[in-house]
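*Asks:* 3D, please:
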Amino acid sequence: MDHLRDVERLFGDDYGILTFTGENIRRRLSPAALKRLDQTVQFNEPLDEAIADEVASAMKDWAIENGCTHYCHWFQPLTGATAEKHDSFLNMDGEGGVIAEFSGDMLIRSEPDASSFPTGSIRDTWEARGYTAWDPTSPAFISINGGERTLCIPTAFVSWTGESLDQKTPLLRSIDALSIQAMRILRVFGTDKGVHRVQTTLGCEQEYFLLEEDAYQARPDLRMCGRTLIGCDAPKGHQLDDHYFGSVPAKVQSFMADVEARLYALGIPAKTRHNEVAPHQFELAPLFEGTNLACDHQMQTMSVLRKTARDHGMVCLLHEKPFAGVNGSGKHNNWSLVTDTGHNLLNPNDKGPGHLQFLTFVCAVVRGLDLHADLLRATVASAGNDHRLGANEAPPAILSIYTGAELERVLDRLEAGEMSDFKHSTKLDLGTSAMPKLERHPGDRNRTSPFAFIGNRFEFRAVGSTAVPAWPNAVLNTIVAQSLDDIANMMESKVTTDMDEETRCHAIIEVLREIYSEHKRVVFNGDNYSEAWHNEAEKRGLPNLKGCADALPAMASQKARELFSTYGVLSEAELEARLTVLYENYSQVMQIEARTLLRMINTMVIPAAIRHQAEVAEAIAATDAAGVDPASVRGRLTDLTARLTDLEVACLEVESILESLPEDEEANIRRIQDEMIPAMNRVRSNSDAIEGMLPDDLWPLPTYLDLLF
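*Replies:* Next up, the predicted model:
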């Protein structure tokens, strides 16, 4: 019964215990302040600063009761991580004593040094002033680190001149932009009654690897880069398909349970846990939430995974491709549109106007992806994700939409100017009376598609496992907002209030027919891994942006600048700053990898190879002296020497490129992608071949066999 009581607390009183929400707020705020705060959170109304002092005092009291001595404004700069500066509640009371103080002004605004964060040259080094601003729609929470507790207040981060320097601000702007345009569509269909706002929802499926900490510490590449830069394949990978959904090891299950308990305390609704495809790879997935909150929760989740792994003597690797030869990790981005009354706008309706409204939002997504596939591809471009996209383990770099057979049939009829009902599930008979008939969905799933409709949402599968989800979702929201805007303009010009329902439906069908006919080239329901699709995509004119150097320049296009400025998501300066930061990040990450690789080769691999070379040479001499022909051993020495020579040549090539990288950002990453990475691959192939020649006692690193089995 003790265990049952613990579970009841986990799902009951302990859920959200470390967040300033629910009962923690209600019993501390006056009814008037609570009502005003609820209006801000639920309806996105401007915060009434008159209640700031009361909210701050209540938040401080709650935090102190829970053991906090400090607070911080918790924000997401352009580093790809979160940031925080801790300030104590301590203040002087004016009479020689001290008090605990936290004012409304301290809650609403803070002033971190903006010069030490990536700004993409939007600010000079000497221009240090920046502001963090409280986001009341994302609850404050208590972070526990090393036993110490800190009140964390989610905030936006902007420069002194007002430009966004963070991930949250453009996401919030994009949600507003999409809501405005989605409400116009609802008004066309007359379904806006009681609806104040449309928001996007998000569920991120986080994949990760777990390694024993001792093995991790023995690999400089894992410590410096988060992935292995050398290492030949183990005899077994995931060929037997025996790890996916397999029995979770006891140590890992203990870790998972601890992670979930910590997430529940933070109000993060972790739902699913399981083995993934590769050895030592796992997945955690939450229930859906509003996108802003889901993105904040995702950043917290990655932190909890890392911290909890350390507590269990392990290391959590979030890199997209920690190991060559086995599947990498992604962060499947499940995205939908929901009214504030709870209606999912991407849930198919049976017939009539509701059915057409659903098809309108689907067509908006199809149009948005067709027009801005290059831009959406740029949002998932990173040094880590380049290793994953395009391999037969993850979606290709060609962005297309999978609709499924049933929705494709409905859309094809729509293109013909006809409205066809959406056929829902049927029953699946398993052929035995002992088993119940199963409900079969109207369409299959396509795991090779980068952007798939799966019943009531779209799953964007190209997002990398280390990604900050706010950026791809901000762009996705914006491109759909633009399409909804254009569709609303077309419908509003053709649909009038005096039309009868049949005439209105025909007018709407004509608009959607035109939209789908023009943009259906982006729809593909086959095998995205196949060469035939790559050839077909080229014929259709779909972009195939294979790496960062190909994808990131899309952010510099006039089309992208106009998109973001029109909908108030990013100014031209803010967009340019983000592109500069992405260029710099890619370049620095790859330079760190190259230097780490060279250091490992020069200080570990080559010395070990030379020792073995000497041993083999001695064996040849001894065998020859004994009157036996050492031909086979001499062949091993020849092969090893040739590999060593090729390895050193490849290392010199990498060094030469590192020393001569151009200053121009675009030219810099182009040379890295086209020249340095192939040279690094040549270093690796020779090193891996040498690893296969050396005795285990001479190889200086934990092997893939040691790490994964």
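
*Asks:* which other residues reach stretch 476-492?
*Replies:* Here stretch 476-492 makes contact (C-beta atoms under 8 Å, 6 or more residues apart in numbering) with 171, 174-175, 177-178, 180-182, 184-185, 188, 200, 291, 333, 335, 360-361, 363-365, 367-369, 371-372, 375-376, 379, 460, 507-508, 511-512, 514-515, 563-564, 566-567, 569. C-beta here means a position set from N, CA and C on the backbone, and glycine is covered the same way.

*Asks:* SS state for residue 607?
*Replies:* Of the three states, residue 607 takes helix according to DSSP: H, G, I helix; E, B strand; the rest coil.

*Asks:* shift numbering so it begins at 8
*Replies:* Understood, numbering begins at 8; the last thing we discussed is residue 614.

*Asks:* Would you quantify the distance from it to residue 620?
*Replies:* For residue 614, the distance to residue 620 (C-beta to C-beta, to the nearest Å) stands at 10 Å.

*Asks:* out of the two, which sits in the more crowded spot?
*Replies:* residue 620 (19 against 13; other C-beta atoms under 10 Å).

*Asks:* wouldn't that one be in contact with residue 648 here?
*Replies:* Yes. In this structure residue 620 lies within contact range of residue 648 using C-beta atoms under 8 Å: 6.6 Å.

*Asks:* mind checking the SS state of the spatially closest residue to residue 240 that is not a sequence neighbour?
*Replies:* Using C-beta to C-beta, 6 or more residues apart in numbering and skipping residues adjacent in sequence, the residue nearest residue 240 is residue 332, 4.3 Å away. Of the three states, residue 332 takes coil under three-state DSSP.

*Asks:* And the one 10 residues further on, by the same measure?
*Replies:* When classified by three-state DSSP, residue 342 comes out as strand.

*Asks:* Tell me who's in contact with it.
*Replies:* 207, 208, 209, 298, 464, 465, 466, 467, 480, 483.

*Asks:* looking at the sheet around it, what are its partners?
*Replies:* residue 209, residue 465 (DSSP bridges).

*Asks:* Please pull up the helix or strand immediately following the helix or strand bottoming out on mean pLDDT in the chain.
*Replies:* Of all the helices and strands that make up the chain, the one with the lowest confidence by mean pLDDT, DSSP states H and E is strand 445-447; it has a mean of 61. Of the helices and strands lying after strand 445-447 in sequence (DSSP states H and E), the nearest is strand 458-460.

*Asks:* Got the confidence number for the residue nearest to residue 240?
*Replies:* Looking at residue 332, its pLDDT stands at 92.

*Asks:* Could you report the distance from it to residue 294?
*Replies:* Spatial separation of residue 332 from residue 294 under the definition C-beta to C-beta is 34 Å.

*Asks:* for residue 174, same thing?
*Replies:* Residue 174 is 22 Å from residue 294, where distance means C-beta to C-beta.

*Asks:* Please apply the same query to residue 47.
*Replies:* As defined by C-beta to C-beta, residue 47 lies at a distance of 24 Å from residue 294.

*Asks:* between these two, who's got more neighbours?
*Replies:* Each of residue 47 and residue 294 has its neighbours counted (other C-beta under 10 Å); residue 47 has more, 15 against 12.

*Asks:* With the flanking residues excluded, which residue is spatially nearest to the most centrally placed residue in the chain?
*Replies:* When the chain is reduced to its mean C-alpha position, the closest residue under C-alpha atoms, centre = their mean turns out to be residue 474, at 3.6 Å. With C-beta to C-beta, 6+ apart as the criterion, residue 474 has its nearest non-adjacent residue at 5.7 Å, and that residue is residue 338.

*Asks:* go on, residue 68?
*Replies:* If the residues on either side of it in the chain are set aside, residue 68 comes closest to residue 35, at 6.5 Å by C-beta to C-beta, 6+ apart.

*Asks:* circling back to that earlier point, and the residue nearest to the centre of the chain, what pLDDT?
*Replies:* Here the pLDDT value assigned to residue 474 is 97.

*Asks:* What strand or helix carries it?
*Replies:* Using DSSP H and E, no helix or strand contains residue 474.

*Asks:* Residue 390 is in contact with that one, correct?
*Replies:* No. Taking C-beta under 8 Å as the definition, residue 474 is not a contact partner of residue 390, at 11.9 Å.

*Asks:* Phi and psi next, for the residue nearest to residue 240.
*Replies:* Residue 332 has phi and psi values of phi 90, psi -10 when expressed as degrees, to the nearest 10.

*Asks:* number of nearby residues for it?
*Replies:* Using other C-beta under 10 Å, residue 332 is surrounded by 14 other residues.

*Asks:* thinking again about what came up before, go through the contacts of stretch 483-499 and flag which are in strands.
*Replies:* Counting by DSSP state E, those place 207, 340, 342, 467 in strands.

*Asks:* Run through the stretch 408-557 of the chain and note the low-pLDDT ranges.
*Replies:* Along the stretch 408-557 of the chain, the parts satisfying pLDDT under 70 run over 431-433, 435-442, 444-451.

*Asks:* what about residue 681, how many neighbours?
*Replies:* Neighbour number of residue 681 under other C-beta under 10 Å is 11.

*Asks:* I misspoke; the intended subject was residue 193.
*Replies:* Residues contacting residue 193 under the criterion other C-beta under 10 Å number 19.

*Asks:* Contact partners for it?
*Replies:* Counting by C-beta under 8 Å, 6+ apart, residue 193 touches 199, 202, 205, 346, 364.

*Asks:* try 6 Å
*Replies:* Residue 193 makes contacts with residue 199, as judged by C-beta atoms under 6 Å, 6 or more residues apart in numbering.

*Asks:* Just the pLDDT at it, thanks.
*Replies:* The per-residue pLDDT reported for residue 193 equals 97.

*Asks:* Then residue 569?
*Replies:* Reading off the model, residue 569 has pLDDT 98.

*Asks:* That one: how many residues sit nearby?
*Replies:* 12.

*Asks:* Same check on residue 52?
*Replies:* Applying other C-beta under 10 Å, we find 12 residues neighbouring residue 52.

*Asks:* And for residue 49?
*Replies:* Residue 49 has 12 neighbouring residues, counting by other C-beta under 10 Å.

*Asks:* Quickly find the element holding it.
*Replies:* Remark: residue 49 resides in helix 38-50, with elements defined by DSSP H and E.

*Asks:* Counting by contacts, list what the helix or strand just after that helix packs against.
*Replies:* Counting by DSSP H and E, the element after helix 38-50 in chain order, helix or strand, is helix 59-72. Other helices and strands packing on helix 59-72, by 3 or more C-beta pairs under 6 Å, 6 or more residues apart in numbering; DSSP states H and E, are helix 111-115.

*Asks:* switch the cut-off to 10 Å
*Replies:* Using 3 or more C-beta pairs under 10 Å, 6 or more residues apart in numbering; DSSP states H and E as the contact criterion, the elements in contact with helix 59-72 are helix 30-33, helix 38-50, strand 75-81, strand 105-107, helix 111-115, strand 137-141, strand 148-152, strand 155-166.

*Asks:* And the ones you listed: which comes nearest residue 323?
*Replies:* In terms of C-beta to C-beta, the element of the helices and strands packed on helix 59-72 nearest to residue 323 is strand 148-152, at 15.5 Å.
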